[in-house]
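# mind looking at a prediction? Sequence and model below.
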Protein chains: 4
Amino acid sequence: MSRKIRMGMVGGGVGAFIGGVHRCAALIDGEIELVCGAFSSTTEKSKESGQSLHLPDDRIYANFEEMINREKNLPESKRIDFVSIVTPNHMHYAPAKMALENGFHVMCDKPVAFTLNEAKSLASIVKQTGLIFGLTHNYTGYPMVKEARRRVKEGLIGKIRKVVVEYPQAWLSERIEETGYKQATWRTDPSKSGKAGCMGDIGTHAENLMEYITGLKIVELCADLTTFVPGRELDDDGNVLCKLENGAKAILFASQISVGDENNLRIRIYGDKGGLEWYQPEPNTLYLKWLDRPTELFRSGNSYVGGAAAAHSRLPFGHPEGFIEAFANLYRNYAFAIRARIDGTAFDAELYDFPTIEDGIRGMEFIDAVVASSASDKKWTKFN
Amino acid sequence: MSRKIRMGMVGGGVGAFIGGVHRCAALIDGEIELVCGAFSSTTEKSKESGQSLHLPDDRIYANFEEMINREKNLPESKRIDFVSIVTPNHMHYAPAKMALENGFHVMCDKPVAFTLNEAKSLASIVKQTGLIFGLTHNYTGYPMVKEARRRVKEGLIGKIRKVVVEYPQAWLSERIEETGYKQATWRTDPSKSGKAGCMGDIGTHAENLMEYITGLKIVELCADLTTFVPGRELDDDGNVLCKLENGAKAILFASQISVGDENNLRIRIYGDKGGLEWYQPEPNTLYLKWLDRPTELFRSGNSYVGGAAAAHSRLPFGHPEGFIEAFANLYRNYAFAIRARIDGTAFDAELYDFPTIEDGIRGMEFIDAVVASSASDKKWTKFN
Amino acid sequence: MSRKIRMGMVGGGVGAFIGGVHRCAALIDGEIELVCGAFSSTTEKSKESGQSLHLPDDRIYANFEEMINREKNLPESKRIDFVSIVTPNHMHYAPAKMALENGFHVMCDKPVAFTLNEAKSLASIVKQTGLIFGLTHNYTGYPMVKEARRRVKEGLIGKIRKVVVEYPQAWLSERIEETGYKQATWRTDPSKSGKAGCMGDIGTHAENLMEYITGLKIVELCADLTTFVPGRELDDDGNVLCKLENGAKAILFASQISVGDENNLRIRIYGDKGGLEWYQPEPNTLYLKWLDRPTELFRSGNSYVGGAAAAHSRLPFGHPEGFIEAFANLYRNYAFAIRARIDGTAFDAELYDFPTIEDGIRGMEFIDAVVASSASDKKWTKFN
Amino acid sequence: MSRKIRMGMVGGGVGAFIGGVHRCAALIDGEIELVCGAFSSTTEKSKESGQSLHLPDDRIYANFEEMINREKNLPESKRIDFVSIVTPNHMHYAPAKMALENGFHVMCDKPVAFTLNEAKSLASIVKQTGLIFGLTHNYTGYPMVKEARRRVKEGLIGKIRKVVVEYPQAWLSERIEETGYKQATWRTDPSKSGKAGCMGDIGTHAENLMEYITGLKIVELCADLTTFVPGRELDDDGNVLCKLENGAKAILFASQISVGDENNLRIRIYGDKGGLEWYQPEPNTLYLKWLDRPTELFRSGNSYVGGAAAAHSRLPFGHPEGFIEAFANLYRNYAFAIRARIDGTAFDAELYDFPTIEDGIRGMEFIDAVVASSASDKKWTKFN
């Protein structure tokens, strides 16, 4: 009998946002079960969270150290396969390191770490241990993002000339971090979020999405980061001009003070033969644009939508799949990778791709580059 | 320790569409676990399906009779709480009846039965047993549908005058039932689908949605059903004029030959003070329209969106929730109802509503009424 | 030297809506000049209007009788070529008849007359005189409506099965005719508007648009007209099921109590090979839908858009043309027809089409049929 | 008797694009008449054009010098009031200068001149002569752009923090200037277009629109201009970061190689209390965004839309007005200004505003600044 892949969670207690998303995403496809967790900084809250998740008391831990130490001593038939880390940025590194060093695979929220050095250290542990490291740059999990990538790779839009990737949000337009709103508090605190605010939290998603779809790396950039809300320490808005490796130009911007914009990640890519547009709030549509023909609406679930998109849709056309389903695609692919490792079978890492520690390093380098560029009088800052 | 609610499934084997949706919907919130099933008409296929779902061999059954007989003899700590029925229409009644008669709650796909008589028979068994019967008129699970209902109930749009509810699809534009496409084959076969095709499959969703949001019942209708695809036996398109109980008028139409329309359920409601519009392919937006003010875009996840909508959203604004999440709201509420029954606690059936056998009867009556009206020369057919 | 075509106007004084539209439409292309008018029911108001339009005093008339009598006695080099009639419905017939009988072409607002008999009488005068009669069913002037018609005629969407044409407006949701709002007052008054309200005013546009694009006539219909606003005498809402001559089915509805809907004329046409959708508030886009390919956005001004559409666009793609431009296409074509008559040259009535008295009769017959059907218990009323 | 304002046109012969737009815009409201022109570089083409416009032969001139010399000798009751200049950029200065120096008002296409020096020279002549100079930055003529400006001025969205203004087009994605396509040929030729291509042609519109609505000037910018199409001499794409005078940040980009984007001018403005969004292809909608309330769709023609917008709409809500109507608002206001000058009456330059020579200078300075910045290694270039 085959079995589900077993997950233990670090963080994500009652009241957290992203922890719940990770759980829905892990559970929806029936490939993963949540068997334990250290959900909060206090034992009491962790218990409360674990109980509300219907976990047995002996699998609800006070902290990640306890979780990892206990789990590794459980029989192989019970113990977790991987640790899912959904804590704020400054608490990614320690549990990820300890999990890997004790033989557990790791799925981690983004950005992967607090500093680039931490990220590089994790990469070296991943390399040494050979364990599987996943990173939840979840927007790459959308079927139509995968369709976009495939179309670019096929050459459908020709040589890419220009990209506009934007990620405007509104939620930090006021100083809500002063109101006790937990999501805001740590994200605006440099001791928890890292050296960037908006650009670390969502600018990295924009960077990751652009490089994922185009297959092109940013090689130079010119950034202007701003903190608009008085009293805030980190950037809440950032505008970046980019040069891509093939000579293309890009505009990348992210904002948390764009009043009325909810979570409006959008990417437009223009080649010399065609163009592509995708917009996260309506994620099941991909616009294909042409030189001399009408724009086409590619919609997920249709037979004309190809391999990777089809392999990441659960529903026929017209039945909207959303944020959780895209997130779940990362978890499902990650579970497939672990299962293949367990079973000793082949894993199609191209079809069932998910972001890895390499994407994590790239994100940390991006944060460093935009912060440096923003402080510089020079127009262009290298980003290799 | 609390536990998950245990589900056994009838139907939904490999290759089925709606079975997979039911499973995702049941699993996503971590309130329900799938513990057994009779997934297919052949033992072999049922085994294959169960194994792919990581079920132990002794909980994969050859048919629903075996499942119910065996499960009822398992210890209370192991056996299922409810049966989920996801077979074609003509196979709802027998497993539902048997499950209820053996003490299991039932969640059933829609339309609830093959005939109105079957539906009434089920209703009487439900009444006798006091068990909990759920029906997956899933569109009522969307947060913004619940918001619409709340706004109507509050009187925000005044007295309702007119409703336009439409459900155009394209997928049966050609005679694909001849190509071995299973979803199409049974839905176009009167011996499996019942006396209506399009109107039974999706017309009932439109009827249910209208009555759910408006709180108004259809009292008379005038239907024109058509079979456009040569050789097909059941209607693939239907247009209906309706009178509602408060004097309002409605247009209801459903179609499976509307080329290019994927699953475009839309409802527009006009009162004497305001109007509402909701469109399933973009389900997280509700349009509020006013006499003298700009139209407002109500978006799920925002603080201005009220009780029921908030209680049925998992994500903040801008993170799209889709078809599965709406479907999952029915399952989660259904699990809450069962849990309350187990725990002997109160259940807020207003806040955590789900469709029941009464909705099922209403749907079967609707099918009877539109079929009768379409065959009649009289303009209006009563529908009580 | 060529000259502009000369127009005299009946109605359309200061404060009128549609008169101003007719003037903009007539002037925009430089083919027509306004040289005289009888703009209002009082001499004083007519003077005021004519002066604000920079007309010489001796071409501002007290009433249409004076205008026609005086103009026919002017030298050919000065007198008008045609009369534009923009009065309320009950005042179309008399000036149209007199103009025709005195040798002037006539352009008339819709519906063409107060009764079907008047319309038939006009048709017979048009036939006798051989003069050119135009009717402003202006929505047929949009480039993308012409593109839709062309695509249907070419067989691109195959045999038409279903049409949904709708025209919801909000503006009569309250009893504004009691507030002295002139547009509302006459339109809700059976002694000025005729036997239908909403269905005469805008239902006829929907009927005309459907028949124009599809080339199919309604042969039977089943109507349900309602007066929602208390105290009003004429229908302010109407829902109609239709059978078209090729066996297709249609839903046609029009409403003036659809709160929040501005002027939302929309048509959807489904054939056995493809579908079309056009929406007046975004008139420069035509959706082409396919069985197995992505929906295409046909946009006016592009090279892939064909003959008639191109011949009725003034601007390149992306430069929106609106209501006045579509209206102006009727006037320009009408001017072309008159010029060809003057010059004795050929006129391409297929390419430069405009609605005629035949469309006017059809509209009056439609009004009669829906009013009769609505009062009948029979399901279907013939409409030949 | 009042009279129409008389216009003579320079340029805009058969086959030109913008000349026809100017004529439609001038004629539509019946305030202006076209009485003469020098439409082309050859006498023959000018004749042909003038005749097709129904002008008398003696008012069709071989060139602008002839036109101005002859017109100034006509009696006051016949001669033109103003000259409309619709030639390519390098031919604006000479006719504008000569017209002004001979006592004629001037309406000029944008950018106002070939160089900043020419623009300044014109400004000084305008100042000396006191004549009225208009410039067709036509996008400021849209009703909802005026509504946006009014809302900003009223403080509705609070202090502006961020602006994103973009103007992507597709039409120069290929080297169509080699195919004899006249519009492309001169616009890509530095001897006719000036030192910038895309940024001069449409970047200046973006700059003008942003400053018009926000009332804020760009004070520093960082530009990256690119020529993507091989063999082309001028930029066909440009990305610019801006600092505005109040500390706000802006992104401005324009492109002529954005495949599939027709004429997609869009502006988003974010303040500390609200936001605004306007999109030229759907020009009758203005999105108002709020911190804690649903986004509102302000639609032109509604009673809640204010003074300036109402004064620049011709139609009730739901009747789309487009590019020509917006353009016409400039001409109508310009005619009002001239009429007030003639009549010696007051002119409300705030309500009936139109762009002037000052906007023209600003545009030329913008061109200089972006070209300089793009060539510089410094991040920020002053733009005062």
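Great, that's in hand. Numbering: from 1, shown residues only, chains lettered A, B, ... in the order given.

# let me see the residues that make contact with stretch A:186-193.
Contacts to stretch A:186-193, defined as Cβ atoms under 8 Å, 6 or more residues apart in numbering or on different chains, come from residues A:88-90, A:172, A:177, A:197, A:200-201, A:232-234, A:236. The way it works is simple: take the backbone N, C-alpha and C, and place the C-beta from them, glycine included.

# how does it look with 7 Å?
Surrounding stretch A:186-193, the residues in contact under the criterion Cβ atoms under 7 Å, 6 or more residues apart in numbering or on different chains are A:88-90, A:172, A:177, A:197, A:200-201, A:232-234.

# swap in stretch A:306-323?
Contacts to stretch A:306-323, defined as Cβ under 7 Å, 6+ apart, come from residues A:141, A:143-144, A:146-147, A:150, A:283-284, A:299-302, A:325, A:329, A:351, B:17, B:20-21, B:24, B:262-264, B:281, B:283, B:315, B:319-325.

# again, only this time at 6 Å
Stretch A:306-323 is contacted from outside by A:143, A:146-147, A:150, A:284, A:299-302, A:329, A:351, B:262-263, B:281, B:315, B:319-323, using Cβ atoms under 6 Å, 6 or more residues apart in numbering or on different chains.

# same question for stretch A:140-151.
Outside stretch A:140-151, the residues that touch it by Cβ under 6 Å, 6+ apart are A:212-213, A:276, A:278, A:283, A:286, A:300, A:305-306, A:308-309, A:312-313, A:326-327, A:329-330.

# now do the strands in chain A.
Ranges of strands within chain A are A:5-10, A:32-38, A:82-85, A:105-108, A:133-135, A:160-168, A:218-226, A:237-244, A:249-255, A:266-271, A:274-279, A:285-290, A:295-299, A:381-382, based on DSSP state E.

# now those strands as CSV including mean pLDDT, distance to chain C and mean neighbour count?
Below are the strands of chain A laid out as CSV (pLDDT from 0 to 100; distance: least, Cβ to the nearest Cβ, whole Å; neighbours: other Cβ atoms under 10 Å in any protein chain shown):
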stretch, mean pLDDT, distance to chain C, mean neighbour count
strand A:5-10, 98, 36, 26
strand A:32-38, 98, 34, 24
strand A:82-85, 98, 37, 27
strand A:105-108, 98, 34, 26
strand A:133-135, 98, 32, 26
strand A:160-168, 98, 17, 25
strand A:218-226, 98, 30, 22
strand A:237-244, 98, 25, 26
strand A:249-255, 98, 20, 26
strand A:266-271, 98, 15, 25
strand A:274-279, 98, 12, 23
strand A:285-290, 98, 7, 21
strand A:295-299, 98, 4, 21
strand A:381-382, 97, 36, 16
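
# those strands: which one's closest to C:His205?
Minimum separation from C:His205 across those (Cβ to Cβ) falls at strand A:295-299, 28.3 Å.

# ends of stretch A:103-113, what's the gap?
The first residue of stretch A:103-113 is 20 Å away from its last residue (Cα to Cα, to the nearest Å).

# ok, back up a step: mark which of the contacts of stretch A:140-151 are buried, thanks.
The neighbour-count test (16 or more other Cβ atoms under 10 Å in any protein chain shown) applied to the contacts of stretch A:140-151 identifies A:212-213, A:276, A:278, A:283, A:286, A:300, A:305, A:308-309, A:312-313, A:326-327, A:329-330 as buried.

# of all the residues you listed, which comes closest to A:Gly363?
Within these, proximity to A:Gly363 (Cβ to Cβ) peaks at A:Tyr212, which comes in at 11.7 Å.

# can you give me the pLDDT of that closest one?
At A:Tyr212 the predicted local distance difference test score is 98.

# where along the stretch 251-384 of chain A do the helices fall?
When assigned using DSSP state H, counting those that start in this stretch, the helices of the stretch 251-384 of chain A occupy the ranges A:307-311, A:323-343, A:357-375.

# dump those helices to a markdown table, plus mean pLDDT.
Conversion of the helices of the stretch 251-384 of chain A to a markdown table gives the following (pLDDT from 0 to 100):
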| stretch | mean pLDDT |
| --- | --- |
| helix A:307-311 | 94 |
| helix A:323-343 | 98 |
| helix A:357-375 | 98 |
